[in-house]
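In: my questions are about this predicted structure, shown below with the sequence.
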Amino acid sequence: MPEPKPKEVPEALNEAPKPALIAKLAEITGLMAKIPKDGWNANQKYKFVRESDVAERVSALLSERKIFLHQTVVSHNMTALYTTQSSSQMWLTEVVMSFRFIDGETGETTETAHFVGHGADTGDKGVYKAMTGAEKYFLMKTFLISTGDDPEADEKVDKAAAAAGAAKGPVTVGKSAVAGAGRGGKSVHATKAQVSEIARLAGKLGLDADSTVPVIKKVIGTEPEEGQNLRDWLGGLTFDQAAGIIAAMMAMDQFDAEIGEVPEEAAQGGVNPENDQSGDIPVV
């Protein structure tokens, strides 16, 4: 009696089960390593991780696993920052973007994630800068991509606080006997350290004397006369006026297009008032 033929099993049933979408994404996370800072900002002299390096690396790994990243702008908002010397309006654009991974093999999707991005521009590129920033940091945080930066060790904030403390000078109880100092030892006039900090921030933001003046006027409502030395004029301001300018310029620094990238020289902090070798506001 002939032996019965084995039943044919559908080819699809012989295939190994497809890995779940989350397993594919976890595999990509394991393949990602520290991305070098190959971008260079020649104006402000610092290195940064380029969006193209992140996107190209991640997109290749997603494509190999037939995963599509769907993204869209959920909302955007524009805020006027200040007017430049050429009468152009600087705008800060904030976008909220949604991201969702879709498995092309199984149709499985991840939950929608939302990420915020910011971009500053005087033209029509603010929204695209914001979109680029949101995508870049969504990918970096999703796949745990390291750049070597640690917010907990961000010396920029620490040094700025130290510079502010140096500008305030020693605090004493009672009326100060030092000329130009108010109650508590706080200087009535702008200090040398404050003027140096404004110069440092101006250089970090890529501002020359002409483009710094509109920022100052926006903050305190006044500006130096034509031909007046800006550094000398700043020294004639009040302590609180100088502090307001510093706060505004630090906020502008936070709105940089490459958010999160800390200029290397920023880690060296504010100018020591005892060793101030800086000149006037940069590029006078």
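Out: All right, it came through fine.
In: now the helix or strand harbouring M78: average pLDDT?
Out: Per DSSP states H and E: M78 is located in strand 67-83. Across strand 67-83, the average pLDDT comes to 91.
In: identify each buried residue in it, please.
Out: Neighbour-count burial for strand 67-83, counted by 16 or more other CB atoms under 10 Å, picks out I67, L69, H76, M78, L81, Y82. C-beta: built from backbone N, CA, C; applies to glycine.
In: between the residues you listed, which is closest to T222?
Out: Y82 (14.5 Å; CB to CB).
In: any idea how far the closest one lies from S75?
Out: For Y82, the distance to S75 (CB to CB, to the nearest Å) stands at 24 Å.
In: what does L62 give?
Out: Distance, L62 to S75, using CB to CB: 26 Å.
In: for the host helix or strand of F115, which outside residues touch it?
Out: Secondary-structure element containing F115, defined by DSSP H and E: strand 113-121. Residues from elsewhere that reach strand 113-121 (CB atoms under 8 Å, 6 or more residues apart in numbering): 74, 81, 90-100, 125-135, 137-138, 142, 252, 255-257, 259.
In: again, only using 6 Å
Out: Contact with strand 113-121 is made by 92-99, 126, 129-130, 133-134, 138, 255, 257, 259, as judged by CB atoms under 6 Å, 6 or more residues apart in numbering.
In: so of those residues, which ones are in helices?
Out: Members of the contacts of strand 113-121 lying in helices (criterion: DSSP state H): G126, K129, A130, G133, A134, F138.
In: residues in contact with the third one?
Out: I take that to be A130. Here A130 is in contact with T93, V95, G117, H118, G119 (CB under 6 Å, 6+ apart).
In: rerun that using 7 Å as the cut-off
Out: T93, E94, V95, G117, H118, G119 (CB atoms under 7 Å, 6 or more residues apart in numbering).
In: for the protein, which helix or strand comes out least confident on mean pLDDT?
Out: Every helix and strand in the chain was compared by mean pLDDT, DSSP states H and E; the lowest is helix 155-168, with a mean of 48.
In: in the very next helix or strand once past that one, which residues are buried?
Out: Sequence-wise, the next helix or strand downstream of helix 155-168 (DSSP H and E) is helix 192-204. Neighbour counts using 16+ other CB under 10 Å place 192-204 of helix 192-204 among the buried residues.
In: next: stretch 206-222.
Out: Of all the residues in stretch 206-222, those buried under the rule 16+ other CB under 10 Å are L207, D208, A209, S211, T212, V213, P214, V215, I216, K218, V219, I220.
In: format the ones in helices among the contacts of strand 113-121 as TSV; extra columns: distance to D232.
Out: Below are these laid out as TSV (distance: CB to CB, whole Å):
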residue	distance to D232
G126	35
K129	36
A130	38
G133	38
A134	43
F138	47
